[in-house]
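*Asks:* Prediction below, plus the sequence it came from.
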Amino acid sequence: MELAGRYFFRRSNAKPSPMNFARGIPLYRALVTHFGFVGVAILLHCYATAVVWLAAAALIFPFWQTLRQVLEHRAGSAKCSTDFRQVQHGPINRIFEGGFFSRYYGAAGFNRHLLHHWDPTVSYTRFNEMEAFFNCTTLAGELRASRSTYFATFILLLGQSFRDPS
């Protein structure tokens, strides 16, 4: 293994270990929870509730999570017609301004996604301190340049899609 800073990186020829039961626990826990809610709704003859829960878990939640990741990582200049499986997009991370929507939608520190990528081992509960530290370094300009809001980023990316129809 190579050491880069304080992080270990796996060699490209290393084979990933097979998934064991312990690594699957979050998936099993999620399935039990969702089927528990659906099962209770069915037992109480609340069939509409069961259907809505399944639709939300299967369709709505993945949509909002995908949208959040696009807003965090998509470059404003990225053209829709570009196949990013063939062309490098480059790293894009943003810090979203505070506010009710940002705190709700970007919960657990996702509104400070740039900081997460600079050091993934730092807990989101310490992002205020981490940002204050970086604001006293030469990286303060990069922090300022990466600031946006979810709405402004959405409008920027939507505008780019209209300028570059696929």
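*Replies:* All right, it came through fine.

*Asks:* so after the one helix or strand Thr33 maps to, what's the next helix or strand?
*Replies:* Element membership for Thr33, per DSSP states H and E: helix 25-43. Remark: after helix 25-43, the chain's next helix or strand is helix 47-55, criterion DSSP H and E.

*Asks:* Put the alpha carbons of that next one into CSV.
*Replies:* Extracted C-alpha coordinates of helix 47-55, given in CSV (Å, rounded to 0.1, in the frame of the first residue of the first chain):
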residue,chain,number,x,y,z
TYR,A,47,-53.3,0.3,1.9
ALA,A,48,-52.8,3.7,0.5
THR,A,49,-50.2,4.4,3.2
ALA,A,50,-48.3,1.2,2.2
VAL,A,51,-48.3,2.1,-1.5
VAL,A,52,-47.2,5.7,-0.8
TRP,A,53,-44.4,4.5,1.5
LEU,A,54,-43.1,2.1,-1.1
ALA,A,55,-43.3,4.7,-3.9
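
*Asks:* ok, the residue most central in space within the chain to Gln88 distance?
*Replies:* Central residue of the chain (C-alpha atoms, centre = their mean): Gln69, 4.3 Å from the mean position. In this view, Gln69 and Gln88 are 18 Å apart by C-beta to C-beta, to the nearest Å. (Each C-beta comes from the backbone N, C-alpha and C, glycine too.)

*Asks:* Over to Phe127?
*Replies:* 28 Å.

*Asks:* okay, those two: which has more neighbours?
*Replies:* Phe127 (18 against 6; other C-beta atoms under 10 Å).

*Asks:* Next up, identify which helix or strand the more buried one is on.
*Replies:* Assigned by DSSP H and E, Phe127 falls in helix 127-134.

*Asks:* ok now that helix, how far from the chain's centre?
*Replies:* Put simply, helix 127-134 sits 20 Å off its chain's centre (C-alpha atoms, centre = their mean, to the nearest Å).

*Asks:* Output the contacting helices and strands for the following helix or strand past it.
*Replies:* Using DSSP H and E, the helix or strand that follows helix 127-134 in sequence is helix 140-145. In terms of contacts (3 or more C-beta pairs under 8 Å, 6 or more residues apart in numbering; DSSP states H and E), helix 140-145 is packed against helix 127-134.

*Asks:* Sweet, I'm off.
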